[in-house]
Structures are given as C-alpha cells and as structure tokens.
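Trainee: the sequence isn't on hand, but the structure is:
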C-alpha cells in the first residue's frame, strides 16, 4: 500500500503484540521481532526500531509519514480496515487537510503515536521540502549580553534548553571556535544526544555550530548547521534561530516545536531571574 515512507528512526509503544499486528497485518509493512524489539523495514532500505516502554507516552511528533499517489483511495482502504482518521478545524469530512500544496491526513497507532498519509507532490516540490530549514524568532525582555550568556553558560543552559517534557544535562561545552559540546536531553520520549562544534562566535551577536543529534538507541537523526543571532531592540533582545541541513520533514517539525518551547523557557527564566544574571562568563 505504501511505496514511500518518511519516518522517525525509532519510537516507543506500550504493547508489542498489538503494535506488531497493526503495522504488519493492518498496514502491511515488513516487520520482524527479536527479543521484544520490533524492526520495521521500509521499501527504500531504511528501518525503524520499535521498543516497549513501561511508562510510554505518545510521541509529540508524527513518527511516520506515508507518501501515496491517491490519498482518498488510501483513506478508504484504511477505514475499511478499522482505522479512524483525526478531525481538525482545517480537515474535510474525510479527515484530509490541505498543507502547502499537498494533502495530508493523520491517524494513530494502538499506542497513540501519530502517523500521517500524504499525497505525492512533484519531484521538485519534494526536493524543496526535504532541504527545508527551521527558523524561529523570539523577543525576550532582557539585554543582549545577558541573553547571549544564557547560551554559553552550562548552568544557565540547563535551566531552559529543552522542549516540554524533557530536561538537559550539559556534559561538555568548550566556548571557543572549534570547541566541542555534548548535550543530553532526556524525558518521556527517550534520550537525545546533541554533539557538535562551534563554527563561528561573535560575542553578543552570533553563534554558529555544526550539530549532530542521535535519538533513543543511539540512532542518528540528523546533521545540521545551527545559527543563532541576537539583535538589540528598545524593548529587549530579538533572537533568531535558523537550523538547516535536514533531510526529513519529521526532523523539521520536531525541531521547530523544540525551539519554540525552549525559547519560551528562556523567556520565563529571565522573567523569574530579572536582575540576577551577570554577564561574566
């Protein structure tokens, strides 16, 4: 049924047997089991690891995007197999949403993880999609030096540099061009390790890094370039975060959410510690 699939590299579930039946029998994917760990083999050669987690919570991102040539026919076939599609304000009566020229519909697996069906777009549109970037801007009511400091001091980073449901441990941070860093985010969705190198540093103005992220099971998720720019305004500091080099839409979606929530944490940090932060590194 599904000739092309864009997927997150691994995800958790709360019932291995139901998961195996759903992805194997209902969706018709090639799935194997070894010592309680499921492997979904995709047609393009990729694979997804599925693991049991006692305190599983559904992933906050879409774990699988199935690309199809006729979304209406696909939905009809899946509904006949007992699958229900999500309804939102912008979906039609079938559950289909128009999203930047493509058609998309969402449904859930037995553990509550989100999946989607997307009607194929033109090849040139696909290239533009996978080579996309994340860009998030946030205005924070504090001086530029203080904001910059919160990005390079481990004790401050650990107070805000994580999305909802996660926490951060800064294992290494060498503040210099060519210096390395290693951050560990952990929470309900597992453990994510960010490693990289400082590419450019302009104090109080700009940080640029090479960033590699590995997900649960040490599976490589993406290699990107992250640029953070700081601009002084009358009412605070504008932060512009740009991350490029993604090869999957899932990475773009989850990263955008992560930055939005992390920068909100940073704003709350300065609201709670107003006047307490120094700029001495």
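Mentor: It's in. Just so we're clear, the structure is a prediction, and the values are computed from it rather than from any experiment.

Trainee: and residue 183, what's its pLDDT?
Mentor: At residue 183, the predicted lDDT confidence score is 97.

Trainee: can you pull the contacts of it?
Mentor: Contact analysis of residue 183 by CB atoms under 8 Å, 6 or more residues apart in numbering lists 157, 161, 168-171, 193-195. All C-beta spots, glycine's among them, are computed from the backbone N, C-alpha and C.

Trainee: helices of this structure, residue ranges please.
Mentor: Per DSSP state H, the chain has helices spanning 16-21, 71-80, 123-130, 144-152, 154-157, 249-272. These are given in chain order.

Trainee: residue 147 versus the nearest residue to residue 84 once chain neighbours are set aside, what's the distance?
Mentor: If the residues on either side of it in the chain are set aside, residue 84 comes closest to residue 107, at 6.6 Å by CB to CB, 6 or more residues apart in numbering. Distance of residue 107 to residue 147, given as CB to CB, to the nearest Å: 41 Å.

Trainee: so, low pLDDT: which residues of the stretch 151-281 of the chain?
Mentor: Applying pLDDT under 70 to the stretch 151-281 of the chain flags residues 248-250, 274-281.

Trainee: how does it look with 80?
Mentor: Within the stretch 151-281 of the chain, the set of residues satisfying pLDDT under 80 comprises 188-189, 246-253, 273-281.

Trainee: longest strand in the chain, by number of residues?
Mentor: Ranked by residue count under DSSP state E, the longest strand found in the chain is strand 219-233.

Trainee: just checking, what packs against it?
Mentor: Applying 3 or more CB pairs under 8 Å, 6 or more residues apart in numbering; DSSP states H and E, we find strand 219-233 packed against helix 144-152, strand 190-202, strand 206-215, strand 236-244.

Trainee: between helix 249-272 and it, find me the angle.
Mentor: 40 degrees (axes from the mean of the first three to the mean of the last three CA atoms, to 10 degrees).

Trainee: can you pull out the strands in the stretch 51-200 of the chain?
Mentor: For the stretch 51-200 of the chain, the strands defined by DSSP state E, counting those that start in this stretch cover 62-68, 97-99, 102-108, 114-119, 133-140, 166-173, 180-187, 190-202.

Trainee: make a markdown table out of those strands and add distance to residue 255.
Mentor: Shown next, in a markdown table, are the strands of the stretch 51-200 of the chain (distance: least, CB to CB, whole Å):
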| stretch | distance to residue 255 |
| --- | --- |
| strand 62-68 | 13 |
| strand 97-99 | 18 |
| strand 102-108 | 19 |
| strand 114-119 | 16 |
| strand 133-140 | 5 |
| strand 166-173 | 13 |
| strand 180-187 | 12 |
| strand 190-202 | 11 |
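
Trainee: what's the closest of these to residue 153?
Mentor: Nearest to residue 153, of all the strands of the stretch 51-200 of the chain, is strand 166-173, at 8.3 Å by CB to CB.

Trainee: listing partners with orientation, what would you give for that closest one?
Mentor: Here strand 166-173 has these sheet partners by DSSP bridges: strand 180-187 (antiparallel).

Trainee: any idea how far the partner strand is from the chain center?
Mentor: Relative to its chain's centre, strand 180-187 lies at 15 Å (CA atoms, centre = their mean, to the nearest Å).

Trainee: swap in stretch 137-148?
Mentor: Centre-to-centre, stretch 137-148 and its host chain are 24 Å apart (CA atoms, centre = their mean).

Trainee: same check on stretch 55-68?
Mentor: 11 Å.

Trainee: how about the helices of the chain in JSON lines, adding mean neighbour count and distance to residue 232?
Mentor: Formatted as JSON lines, the helices of the chain follow (neighbours: other CB atoms under 10 Å; distance: least, CB to CB, whole Å):
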{"stretch": "helix 16-21", "mean neighbour count": "16", "distance to residue 232": "51"}
{"stretch": "helix 71-80", "mean neighbour count": "15", "distance to residue 232": "47"}
{"stretch": "helix 123-130", "mean neighbour count": "12", "distance to residue 232": "34"}
{"stretch": "helix 144-152", "mean neighbour count": "20", "distance to residue 232": "5"}
{"stretch": "helix 154-157", "mean neighbour count": "16", "distance to residue 232": "19"}
{"stretch": "helix 249-272", "mean neighbour count": "18", "distance to residue 232": "15"}
